[in-house]
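Trainee: Kindly return the folded structure for what I paste below:
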Amino acid sequence: MIEDKTEALVADAQAIIEDRPPQRSRIESIDLLRGIIIVIMALDHVHDFFGAPGASPTDLSTTTAPLFFTRWITHFCAPVFFLLTGAGACLTLQRMSKRELSRFLVTRGLWLIVLEVVVMRFALQFNLDYQVTMLTVLWALGWAMIVLAVLIHLPTWAIVAFGVVLVAGHNLLDGVQAEALGSFAPLWSVLHAPGFVINSAQHIVFVAYPLIPWVGVTALGYALGSAYRWRADRRQTLLLWLGIGLSLGFLALRLVNVYGDPVAWSVQKSPLWTALSFLDTRKYPPSLLFLLMTLGPALLLLRAFDGGVPRPLRPAWIIGKVPLFFYVVHFYLIHLLAVAACYLCFGSVGGMFHSPDLGHFPFTAPPGWDFGLPTIYLLWALVVLILYPLCRWYADVKQRRKDWWLSYL
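Mentor: Next up is the predicted model:
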């Protein structure tokens, strides 16, 4: 009988060991998806600097199908960043206690906010007058990390509930207008409706990325990260069915046109344009349908990449190891290319250092500034090709060295 009990204990221990993947400092599928997404993101930013100023690629009355899809494919970037930020925080528990992780999330979150308002603001505008300041993705990611620093001390079910309520329920607040809240209007712009925090003749501060529901997406990503402690087949099943479920949920909820996005789709002049209307969901703030549309396929990609990195995608995997480095440097490179193009084509560059209002953000382009989609795609490829060797070098540095500051860039 003792031998039987011993064998049973050994079997149980073996089952526990087999249910956990080997301890790894990084998850290849997460780095790969992050790298693909950040390369796609660069396309959007090249278009911001080289496309027609003020034009909306998703305005069906003025856009073209190629321009619409150029913008639409980049919609996947922000949701994946926030989701994987949460997942990465959960994976960090392999080498940190929750108390240490909370401290790290707060300090890194504050650092991202500083990066947004100092380093990235200069990258976008090449001036220090602070006449126009736009609070975008790093601002929201920083606050999402700070909120997550508190959430990680709750049970997993409570973290999931928090995320689901924000993601699925925030569209109930769409009817609340910041102007109706009086002195609390700036707070509402920070939380849910893009708008001005400061709007004076001297300074403008505009929140483009309100915190709700982005902090909810990050919380759900943290819960998802626990699946990377499971056996591979169990994790892959979860990613597959979650991805299918969210994608089908988007199709079903969008079809009924009842809830999930402030703007309903409508029948247009052709099937193609009707499809564009169907896909045209709100990003600022991201509606429930926007998040279902983007996160469902993202989870399916995580499932597809779970078996390893295909050789053709290894460059994206390397970039995905150093996403913040790529993010910061690529803005400086794109803006410098825009300055050079302005000088070569127009003979002056004064406007490239000046943005007096939101209508001229991030710079005051000369009349006729629009290089067209073919040139924009070529410049995008050039940016990625230039930055890849730098990312490979920096990824090697981070692998060789363990200096504390490396985790902040």
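Trainee: name the element the most centrally placed residue in the chain belongs to?
Mentor: Among the residues of the chain, residue 78 comes closest to the average C-alpha position under C-alpha atoms, centre = their mean, at 2.1 Å. Residue 78 is part of helix 77-91, with elements assigned from DSSP states H and E.
Trainee: Let me know the distance separating residue 229 from residue 85.
Mentor: Counting by C-beta to C-beta, to the nearest Å, the gap between residue 229 and residue 85 amounts to 18 Å. (Glycine included, C-beta is placed from N, CA and C.)
Trainee: For these two, indicate the residue with more neighbours.
Mentor: Between residue 229 and residue 85, counted using other C-beta atoms under 10 Å, the more crowded position is residue 85 (25 against 15).
Trainee: Just the element for the residue lying closest to that one once chain neighbours are set aside, please.
Mentor: With C-beta to C-beta, 6 or more residues apart in numbering as the criterion, residue 85 has its nearest non-adjacent residue at 5.5 Å, and that residue is residue 218. With elements taken from DSSP H and E, the one containing residue 218 is helix 214-225.
Trainee: And residue 294, by the same measure?
Mentor: Taking DSSP H and E as the criterion, the element that holds residue 294 is helix 288-304.
Trainee: quick one: that helix to helix 214-225, angle?
Mentor: If you take axes from the mean of the first three to the mean of the last three C-alpha atoms, to 10 degrees, helix 288-304 sits at 20 degrees to helix 214-225.
Trainee: Report the angle between helix 288-304 and helix 77-91.
Mentor: If you take the same axes, to 10 degrees, helix 288-304 sits at 60 degrees to helix 77-91.
Trainee: Show me how far helix 288-304 is from its chain's centre.
Mentor: Relative to the chain's own centre, helix 288-304 is displaced by 12 Å; criterion: C-alpha atoms, centre = their mean, to the nearest Å.
Trainee: List the buried residues of stretch 366-379.
Mentor: Neighbour counts using 16 or more other C-beta atoms under 10 Å place 366, 369, 371, 373, 376, 379 of stretch 366-379 among the buried residues.
Trainee: Send me stretch 180-190 as PDB with only the CA atoms.
Mentor: Provided in PDB are the C-alpha atoms of stretch 180-190 (Å, rounded to 0.1, in the frame of the first residue of the first chain):
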ATOM      1  CA  ALA A 180     -22.200  68.900 -19.500                       C
ATOM      2  CA  LEU A 181     -19.900  68.200 -16.600                       C
ATOM      3  CA  GLY A 182     -18.700  71.700 -16.100                       C
ATOM      4  CA  SER A 183     -15.400  71.900 -14.100                       C
ATOM      5  CA  PHE A 184     -15.200  68.100 -14.300                       C
ATOM      6  CA  ALA A 185     -15.000  68.100 -18.100                       C
ATOM      7  CA  PRO A 186     -11.200  67.600 -18.200                       C
ATOM      8  CA  LEU A 187     -11.500  64.600 -15.900                       C
ATOM      9  CA  TRP A 188     -14.100  63.000 -18.200                       C
ATOM     10  CA  SER A 189     -11.700  63.600 -21.100                       C
ATOM     11  CA  VAL A 190      -9.000  61.700 -19.200                       C
END
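Trainee: And the average pLDDT for that stretch is what?
Mentor: The predicted model gives stretch 180-190 an average pLDDT of 91.
Trainee: Among the buried residues of stretch 366-379, which are located in helices?
Mentor: 373, 376, 379 (DSSP state H).
Trainee: Need the residues you listed in a markdown table (columns: pLDDT and distance to residue 321).
Mentor: Formatted as a markdown table, those follow (pLDDT from 0 to 100; distance: C-beta to C-beta, whole Å):
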| residue | pLDDT | distance to residue 321 |
| --- | --- | --- |
| 373 | 97 | 30 |
| 376 | 98 | 27 |
| 379 | 98 | 24 |
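Trainee: ok, of the residues you listed, which one's closest to residue 196?
Mentor: Among those, residue 376 lies closest to residue 196 (C-beta to C-beta), at 29.8 Å.
Trainee: measure that closest one to residue 115 for me?
Mentor: Residue 376 is 26 Å from residue 115, where distance means C-beta to C-beta.
Trainee: do residue 130 as well
Mentor: Counting by C-beta to C-beta, the gap from residue 130 to residue 115 is 15 Å.
Trainee: okay, the two: which has more neighbours?
Mentor: Set residue 130 next to residue 115 and count neighbours by other C-beta under 10 Å: residue 115 wins out with 21 against 14.
Trainee: The closest residue to that one other than its chain neighbours: how many residues sit nearby?
Mentor: In space, not counting the residues next to it along the chain, residue 115 is nearest to residue 138; the distance is 5.4 Å by C-beta to C-beta, 6+ apart. Other residues lying near residue 138 total 23 when counted by other C-beta under 10 Å.
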